[in-house]
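J.: no sequence on this one, just coordinates:
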C-alpha cells in the first residue's frame, strides 16, 4: 500500500516532469518554426534572385534548341540553353572536347598550307578551337549553376514547409499536455 506522502511525491514528480516536457516542446516548437520560416524565406529569395539574374541577361534560346525561341528564365530553359551551347561547340570542334585536342596546332597560310619556320619545322600556334571550349564551358557552367540554384531553392522551400508543420505540431502537443 502506498501512503498519502508517497502519492503526493509521485504527483509532484509527475507535475515537474510534465512542466519540463511542455517547456521542451515549446522550445523545440519555436526553434523549428523559426528555422522553417528562415528556410522558406531563403528558398523564395533564391528562386527570385536566380530568376531576376536570368532576366537581366536577356538570353533567348536559338531556334535549334530543345525549347526554341524561349527566354532563358527557369530551370528548363537554362537546361535547353546549356545543351545547345554544348551541341554547337561539339559541332565546331568535330566532336572533340577541350581535353581531347592539342594545345597547339600548325599555323596555316591563307591557302591552307602549313607555315614552316626557318628551322624547317611547322610554326605552332595556340589551338583556337580548343580555346573556344573555355567560353562554352563558362557559359554552360553559369547556366548549370542556375539549375542548381533552383534545385536548392525548391529543397529549401520543401524543408521549410516541413519544419513549419513540425513546429506547429510540437506546439500543439505542448498544449495537449497542459489539458
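T.: Done, it's in. Predicted model, so just to flag it, every value in this text is computed and none were measured.

J.: switch to C-alpha atoms for all contacts and neighbour counts from now on
T.: Noted.

J.: Then residue 66 would be within a strand, right?
T.: No: the assignment for residue 66 by DSSP: H, G, I helix; E, B strand; the rest coil gives coil, which leaves it out of any strand.

J.: give me the element the nearest residue to it once chain neighbours are set aside is part of.
T.: Leaving out its chain neighbours, the residue that sits closest to residue 66 by Cα to Cα, 6 or more residues apart in numbering is residue 80, at 5.5 Å. Assessed by DSSP states H and E, residue 80 sits inside helix 75-92.

J.: Tell me the helix or strand right after that helix.
T.: According to DSSP H and E, the helix or strand after helix 75-92 is strand 104-106.

J.: Pull up the gap between the residue minimising distance to the centre of the chain and residue 79, please.
T.: Taking Cα atoms, centre = their mean, the centroid of the chain lies closest to residue 148, which sits 2.4 Å from it. Separation of residue 148 from residue 79 (Cα to Cα, to the nearest Å) stands at 11 Å.

J.: Output the contacting helices and strands for the lengthiest helix in the chain.
T.: Identified as the longest helix of the chain according to DSSP state H is helix 4-57. The contact analysis (3 or more Cα pairs under 8 Å, 6 or more residues apart in numbering; DSSP states H and E) places helix 4-57 against helix 128-178.

J.: Show me what the helix it packs on is packed up against.
T.: Applying 3+ Cα pairs under 8 Å, 6+ apart, one finds that helix 128-178 makes contact with helix 4-57, helix 75-92.

J.: got those as CSV, with distance to residue 166 and mean pLDDT columns?
T.: Below are the helices and strands packed on helix 128-178 laid out as CSV (distance: least, Cα to Cα, whole Å; pLDDT from 0 to 100):
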stretch, distance to residue 166, mean pLDDT
helix 4-57, 7, 86
helix 75-92, 30, 97
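
J.: Thank you, goodbye.
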